[in-house]
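K.L.:
Curious how this folds, go ahead:
(2 chains)
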Amino acid sequence: MHIMEGFLPAGHALGWSLASAPVVAYGVYSLGKKVKKHPEYRMLLGVAAAFTFILSALKIPSVTGSSSHPTGTGFGALLFGPTAMAPIGLVVLLFQALLLAHGGLATLGANVFSMAIVGPFVAYGVFRLTRMLRLPFGMTVFLAAFSGNLMTYLTTSAQLALAFPDPTGGFVASFVKFASIFALTQLPLAIIEGLLTMLIFNALTRFNPRELRELKIFPSSEVPS
Amino acid sequence: MKKHQNLILIMAVIILALLPLWIVEPVDDAEIFAGADGEAMAAITEIAPTYEPWLSPVWVPPSGEIESLLFSLQAALGGAFIGYYLGGSVARARAFRELRGTTDVK
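P.N.:
Have a look, this model is predicted:
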């Protein structure tokens, strides 16, 4: 989902940066408030960041014959709310833009928007919705991370299609083209991200049930103390 | 089921990640398992052949080896932190259990 440096027209790059900036700012503000109130969350916040660090570094082969990477942003969104992942995603994307030539500074806003804003919001929304439908906990986690991952890549496809509409088919033809590159490749990877997110939640449920209760991941009745 | 769930999850991840290596056959001499990001850039040049990127990356890793070094560093940092946190949590849970165990005996 990294749009490479210089591969968005300047106007688009600026637009996406302006769209992302307030969310990142609000994320910093709300995280600061949360950590001030509960300093003990700091470690778990580190775990959320670490999860994104690992997952976005893993280029995994896919059935389409190309490879791509999960994002890992769904996990932190479930723990700390969707805006918390905006600054964390920004750090990861900045690391990759500066040291790995993956993504870029001008495209940072667009990449933050897809990976660190849309993905977390979708994951969080799906989680809350499926919780309300009383699906089993593991399944809600899986569906949340899966959808967040997939929507991140569909967002990238839409961003590229907006910037580069097909000369004949326009936005739609272009979107289909980019989505066929990203979304199909991403399907098995989204499943992998869903499974890995279940795995880390299993560990937290077992060893850190108190933190999960405090973060209102599940009501106190559902976890043995 | 619950008992073996983690094992099943790990197996499924491994299978999903490795399966493509068997089932995907290279077409002609095209490179397989290239990054999707790069393929999207190729699609851009197809749609808009006249588009010129107006910026280039600040710094590009001088070789594939250096690039993979930095990627593994990124993953290792993340893995180390999660391992540290979970290790501490496991020890705390165990200590708590033992403590409760001794008071139960009384």
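K.L.:
Next up, phi/psi of the closest residue to B:Val60 other than its chain neighbours, please.
P.N.:
In this structure, B:Val60 finds its nearest non-sequential neighbour in A:Ala101, 4.2 Å apart by C-beta to C-beta, 6 or more residues apart in numbering or on different chains. Using the backbone N, CA and C atoms, a C-beta is placed for each residue, glycine as well. With angles defined as degrees, to the nearest 10, A:Ala101 sits at phi 60, psi 30.
K.L.:
Now do A:Ala101 against B:Pro61, distance only.
P.N.:
Distance of A:Ala101 to B:Pro61, given as C-beta to C-beta, to the nearest Å: 6 Å.
K.L.:
Find residues that contact each of these two.
P.N.:
Here A:Ala101 and B:Pro61 have B:Glu67 as joint contacts, going by C-beta atoms under 8 Å, 6 or more residues apart in numbering or on different chains.
K.L.:
that older thread, any idea how far A:Glu5 is from the residue nearest to B:Val60?
P.N.:
Relative to A:Glu5, and taking C-beta to C-beta, A:Ala101 is found at 7 Å.
K.L.:
ditto for B:Thr50
P.N.:
For B:Thr50, the distance to A:Glu5 - C-beta to C-beta - is 19 Å.
K.L.:
how many other residues sit next to the closest residue to A:Ala19 other than its chain neighbours?
P.N.:
Spatial nearest neighbour of A:Ala19, chain neighbours left out: A:Phe113 (5.8 Å); criterion: C-beta to C-beta, 6+ apart. Residues near A:Phe113, counting by other C-beta atoms under 10 Å in any protein chain shown, number 25.
K.L.:
which residues sit in contact with A:Phe113?
P.N.:
Applying C-beta under 8 Å, 6+ apart, the residues near A:Phe113 are A:16, A:19-20, A:155, A:159.
K.L.:
Report the buried members of those.
P.N.:
A:16, A:20, A:155, A:159 (16 or more other C-beta atoms under 10 Å in any protein chain shown).
K.L.:
so the third one touches A:Val112, yeah?
P.N.:
What that stands for is A:Thr155. No. Taking contacts as C-beta atoms under 8 Å, A:Thr155 lies outside contact range of A:Val112: 10.9 Å.
K.L.:
so where's chain B shaky on pLDDT?
P.N.:
Within chain B, the stretches with pLDDT under 70 are B:1-2, B:102-106.
K.L.:
What ranges does it have for its strands?
P.N.:
B:34-35 (DSSP state E).
K.L.:
do chain A as well
P.N.:
Under DSSP E, chain A gives strands at A:60-61, A:66-68.
K.L.:
Show me what the shortest one is packed against.
P.N.:
Read that as strand A:60-61. Applying 3 or more C-beta pairs under 8 Å, 6 or more residues apart in numbering or on different chains; DSSP states H and E, we find strand A:60-61 packed against strand A:66-68, helix A:170-207, helix B:5-23.
K.L.:
With distance to A:Leu135 added, can I get the ones you listed in CSV?
P.N.:
Below are those laid out as CSV (distance: least, C-beta to C-beta, whole Å):
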stretch, distance to A:Leu135
strand A:66-68, 27
helix A:170-207, 13
helix B:5-23, 16
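K.L.:
So for A:Ala101 and A:Glu5, which residues contact both of them?
P.N.:
Joint contacts of A:Ala101 and A:Glu5 (C-beta under 8 Å, 6+ apart) are B:Pro57.
K.L.:
more neighbours, those two?
P.N.:
A:Glu5 (23 against 19).
K.L.:
The more buried one against A:Leu108, yeah?
P.N.:
No. Between A:Glu5 and A:Leu108 there is no contact under C-beta under 8 Å: 9.2 Å.
K.L.:
Overlap in contacts, those two.
P.N.:
Joint contacts of A:Glu5 and A:Leu108 (C-beta under 8 Å, 6+ apart) are A:Ala97.
K.L.:
Count the neighbours of B:Glu46 for me.
P.N.:
11.
K.L.:
Then the one 5 residues further on?
P.N.:
By the measure other C-beta under 10 Å, the count of residues near B:Tyr51 is 14.
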